[in-house]
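K.L.:
I would like the atomic coordinates for the input below:
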Amino acid sequence: MSAQGRLLRGTVVGLAAATMFAVGPVAANAARPKESASLAGACQMRFLPVPVAAESSSVTGADHTGRFLVGQATVFDGTASVVESLLWTDGRLRTLDTSALAPYVGVKVTDVNSNGAVVGYRTTDVTTFHSDAWVRRNGRYTLLPGLEPDDATMAVAINSAGDIIGTDVDLSVSPAVFHAVIWPAERPGTVRELTIDGASPPWAIGIDIDDDGTALAMLGPVTTPDQRPYIWPARGQGYPLTGPTGTTNPFANALHGGWVAGAAVRDTGGGFSTSAVVRWHLPDRTATLVSTEYGDAFAVNRYGTVAVLGALIHRNGRISALGDSAQPAVLSDRGTAAGTYSGSAVVWTGC
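P.N.:
Okay, here's the model as predicted:
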């Protein structure tokens, strides 16, 4: 379970990463609303341990139990600020040694599964912003192949089986061509493009992958007429996701247990529009407008609860407040959330 969309969201390195992690629909009133009587009380927040001299920290991914969390911290080492990759296991901190990925100019950690396998990507060139996807299993880093040897790659999510989803970028052409790809656990060292009717989509980025192998990607650059989420089910034909009636420009950030969380644009009249939270249920192909107060949903759990800026919204409409400065990035099946609060990595429980 990654912070796609989100991530998706978060720090990006270079032009390719910036395009890949562009946020969803921009809205005039997508900011966190003031709390209202509909809120069911705040969750309990706890700051996660971080390295000494950390200036800021964040959670970027988690497994679906919430036992494993990954993230990053900006740490002042006495001379300069450096970014360190972090892994929390049952709340205990470990700083990941990424020296095996050298040489690089930056490393981003994006997700972790219930076996503790971590994925992310390194950036190797500040001129072309070339990146290489990697996976860390049992303390060992392995670079993941691209569709072509010189392509840039980024891994963004990993499921419980070890299947990894991400994006392959052909930087040899201008504009660069983006392909959604999977690195299957059962075939180590291989990569497979997510195609439609056997053909490569003109523009696709990998977003998330469910435990049964169902894959989620975004087709078409953000805010263009071609923008839409697309599902490749574990079995059967793929299909696009459409927003609820009266919305346009759907955007999906997370997938789990047959639920998809994201947003779409609503026309509010007078030439104005706003971003509204949308939840899709794949088994019955439905799209629900969850909230018009919150601009986007960043994570979803197996019960259909979605994480938005400052709150969790449950399927029955109950809202659990996280706080005005809360930016949840991940949400476990046990109801715990994790993310950032005022620039620090935190978890929320008791929601």
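K.L.:
from now on I want contacts and neighbour counts done on CA atoms only, so please keep to that.
P.N.:
Fine.
K.L.:
low-confidence stretches in the stretch 1-150 of the chain?
P.N.:
Residues of the stretch 1-150 of the chain meeting the criterion pLDDT under 70: 2-42.
K.L.:
could you pull out the strands for it?
P.N.:
39-42, 44-47, 54-62, 68-76, 81-89, 92-95, 106-112, 118-123, 131-137, 140-143 (DSSP state E, counting those that start in this stretch).
K.L.:
just tell me which of those strands ends up closest to Thr245.
P.N.:
strand 39-42 (26.3 Å; Cα to Cα).
K.L.:
isn't Thr65 up against Val112?
P.N.:
No: the criterion here is Cα atoms under 8 Å, and Thr65 misses it with Val112 at 10.9 Å.
K.L.:
between those two, tell me which one has more neighbours.
P.N.:
More crowded of Thr65 and Val112, by other Cα atoms under 10 Å: Val112, with 31 against 17.
K.L.:
look up the closest residue to the more buried one, ignoring the ones flanking it.
P.N.:
Val118 (4.3 Å; Cα to Cα, 6 or more residues apart in numbering).
K.L.:
now the one you found, which residues is it bridged with?
P.N.:
Under DSSP bridges, the beta-bridge partners of Val118 are Val112, Arg136.
K.L.:
again, but for Val70
P.N.:
The bridge-partner assignment for Val70, based on DSSP bridges, gives Gly61, Leu87.
K.L.:
can you pull the contacts of it?
P.N.:
The contact partners of Val70, by Cα atoms under 8 Å, 6 or more residues apart in numbering, come to 59-62, 85-88, 109-112, 118.
K.L.:
turn the residues you listed into CSV, including distance to Leu96.
P.N.:
Converted to CSV, those look like this (distance: Cα to Cα, whole Å):
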residue, distance to Leu96
Val59, 14
Thr60, 14
Gly61, 14
Ala62, 15
Ser85, 5
Leu86, 6
Leu87, 7
Trp88, 10
Val109, 10
Thr110, 13
Asp111, 13
Val112, 13
Val118, 10
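K.L.:
list the contacts of the residue nearest to Val112.
P.N.:
Contacts of Val118 by Cα under 8 Å, 6+ apart are 70, 109-112, 135-137, 158.
K.L.:
any quick ChimeraX command for the buried ones out of the residues you listed?
P.N.:
A single ChimeraX command is used to select the members of the contacts of Val118 judged buried by 16 or more other Cα atoms under 10 Å:
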select :70,109,110,111,112,135,136,158
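K.L.:
for Thr247, give its distance to His256.
P.N.:
23 Å (Cα to Cα, to the nearest Å).
K.L.:
of those two, which one has the most company?
P.N.:
Set side by side, Thr247 and His256 show more neighbours around His256, with 27 against 19, by other Cα under 10 Å.
K.L.:
once you drop chain neighbours, what's closest to the more buried one?
P.N.:
Closest residue to His256 apart from its sequence neighbours, by Cα to Cα, 6+ apart: Asp210 at 5.3 Å.
K.L.:
give me the pLDDT for the one you found.
P.N.:
Model confidence at Asp210, given as pLDDT, is 98.
K.L.:
repeat for Ile205
P.N.:
97.
K.L.:
list the beta-bridge partners for the closest residue to it other than its chain neighbours.
P.N.:
Closest residue to Ile205 apart from its sequence neighbours, by Cα to Cα, 6+ apart: Ala180 at 4.5 Å. Counting by DSSP bridges, Ala180 is bridged to Thr167.
K.L.:
correct me, but Ala180 touches Ala204?
P.N.:
Yes: in this structure, Ala180 is within contact of Ala204 by Cα under 8 Å, at 5.1 Å.
K.L.:
identify the contacts common to those two.
P.N.:
167, 217.
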